[in-house]
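Colleague: sequence first, then the predicted structure, then my questions.
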Amino acid sequence: MQPSRELRRIAVIGAGSAGRDFALRCSRAGFDVTLEDVMPSRLRSAQQTFESESLPGALHLASTVEDAVRDADLAIDFVPDELESKLEIFSMLDRMAPPRTILCTPSTAQSIADLASCTYRPQLCFALRFDPPNSATLLYTSRSSLEALSAVEHLLAAIGFTVKSLQDPAELAQSTNKPGDQH
């Protein structure tokens, strides 16, 4: 079943190996991808990689986050998995991307519920945990849009991942440890 919300334009922030691989997967699957990185050398390296392939989807390079997310249906960052870095990029994406844009972040250390609460679109924020070789766990919150969740699941499946969706374990733990509970 197709999701009611279609994702066509993907912004990938970070052209290191993980970001480049994700952008390549999306372009191979026919998505329109814009890849951004603060390091011009990473963009040049990505461009060389992409030129060696015939890709069904479009692949553009951007030198600023604003240019990358301007028309994005989904923006995903590949910045270091540290709280300060994730908060900074989520804040930038939230300010610069259209209100309809879904925000995703690969993270094994951060709570998506916490990151989402720092945006004006908590219902459109998701975290990913990639498991080799081609599995991904999609973390959502109690505030997540089911339509957006379904769209991200379909995107991940379209680029070759087996997807399992789970509510953010940190959010679940917080809801079971309410003030006044005895330990």
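Modeller: Received the coordinates, thanks.
Colleague: am I right that Leu128 is in a strand?
Modeller: Yes. Assessed with DSSP: H, G, I helix; E, B strand; the rest coil, Leu128 lies in a strand.
Colleague: that one and Leu43, how far apart?
Modeller: Distance check for Leu128 against Leu43: by Cβ to Cβ, to the nearest Å, it reads 23 Å. Just so you know, the C-beta spots here come from the backbone N, C-alpha and C atoms, and that holds for glycine as well.
Colleague: Glu53 too?
Modeller: Here the criterion is Cβ to Cβ. By it, Glu53 lies 16 Å from Leu43.
Colleague: of the two, which one has the most company?
Modeller: Remark: of Glu53 and Leu43, Leu43 carries more neighbours, 18 against 11, as counted by other Cβ atoms under 10 Å.
Colleague: surely that one and Leu61 touch.
Modeller: Yes. When contacts are counted by Cβ atoms under 8 Å, Leu43 is listed as touching Leu61 (5.0 Å).
Colleague: what do these two both touch?
Modeller: Common neighbours of Leu43 and Leu61, using Cβ atoms under 8 Å, 6 or more residues apart in numbering, are Leu35, Glu36.
Colleague: any idea which helix or strand in this protein has the lowest mean pLDDT?
Modeller: Ranked by mean pLDDT, DSSP states H and E, the weakest helix or strand in the chain is helix 169-176, scoring a mean of 83.
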